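In: One predicted model, sequence on top.
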Amino acid sequence: MNKYLQIIGLLIALVLPATVRADDLANHVDLSPLRPIAVQQDQTMKTLDTFARQVITTVTGHGTLDGHEPVYTLLDMSFRPELYVDRNIIKISNVPAREGFQGLDWVDPQEAQRIPQEREIKSEIP
């Protein structure tokens, strides 16, 4: 899988004009030729588009991140992980696990305060 992502990244790099800035990349990339590429996940074959949608939804709890399509986000996370490592994008559905993070020393105090607020908001929804 990692080999295929490297090949896809190389293809993207070859078709992009040299003047495109990294922060403007999403607006200049046509990923439609890559969407139907076959990807194997566990014992299942699926398109890259389906795989990306499932991964991004599983990680973030949403279908997109920053308004970018899932294929772009998946490839961007793969090739530029430094842009995502410090971001609060991982959805933790398990309430006891989420609450367990509050007691960890390495969790930012602001983040520790946000964790119970998510639970209170969800419990108020009928």
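Out: That came through, no problem. Numbering: from 1, shown residues only.
In: Would you map the helices across this protein?
Out: Along the chain, counting by DSSP state H, helices occupy 2-15, 25-28, 48-60, 70-79, 95-100, 109-124.
In: Any idea which residue is closest to the centre of the protein?
Out: By Cα atoms, centre = their mean, the chain has its centre lying nearest to residue 56, at 4.5 Å.
In: count of residues packed around the residue nearest to residue 37 when sequence neighbours are not counted?
Out: Distance criterion Cβ to Cβ, 6 or more residues apart in numbering; nearest residue to residue 37, sequence neighbours excluded, is residue 48 at 4.4 Å. For glycine as for every other residue, the C-beta is placed from the backbone atoms N, C-alpha and C. If you count neighbours by other Cβ atoms under 10 Å, residue 48 ends up with 21.
In: cool, residue 26 as well?
Out: Neighbours of residue 26 under the rule other Cβ under 10 Å: 16.
In: mind showing which ranges of the chain have poor pLDDT?
Out: Regions of the chain meeting the criterion pLDDT under 70 cover residues 1-2, 5, 8-24, 114-126.
In: Could you rerun that using 90?
Out: Scanning the chain for pLDDT under 90 picks out 1-30, 59-61, 66-67, 80, 83-126.
In: domain ranges for the chain?
Out: 2-83, 95-124 (automatic domain parsing).
In: Next, format these as TSV and append distance to residue 89.
Out: As requested, the domains of the chain are exported to TSV (distance: least, Cβ to Cβ, whole Å):
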stretch	distance to residue 89
domain 2-83	5
domain 95-124	12
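In: Which of these has the highest mean neighbour count?
Out: domain 2-83 (a mean of 14; mean count of other Cβ atoms under 10 Å).
In: Apart from its chain neighbours, what residue comes closest to residue 101?
Out: In space, residue 101 is closest to residue 107, 5.3 Å off (Cβ to Cβ, 6+ apart).
In: how near is that neighbour to residue 59?
Out: Distance, residue 107 to residue 59, by Cβ to Cβ, to the nearest Å: 19 Å.
In: Tell me who's in contact with the closest residue in space to residue 45 that isn't next to it in sequence.
Out: In space, and not counting its chain neighbours, residue 45 is closest to residue 38: 5.5 Å by Cβ to Cβ, 6+ apart. Remark: with contacts taken as Cβ atoms under 8 Å, 6 or more residues apart in numbering, residue 38 is in contact with 45, 46, 47, 48.
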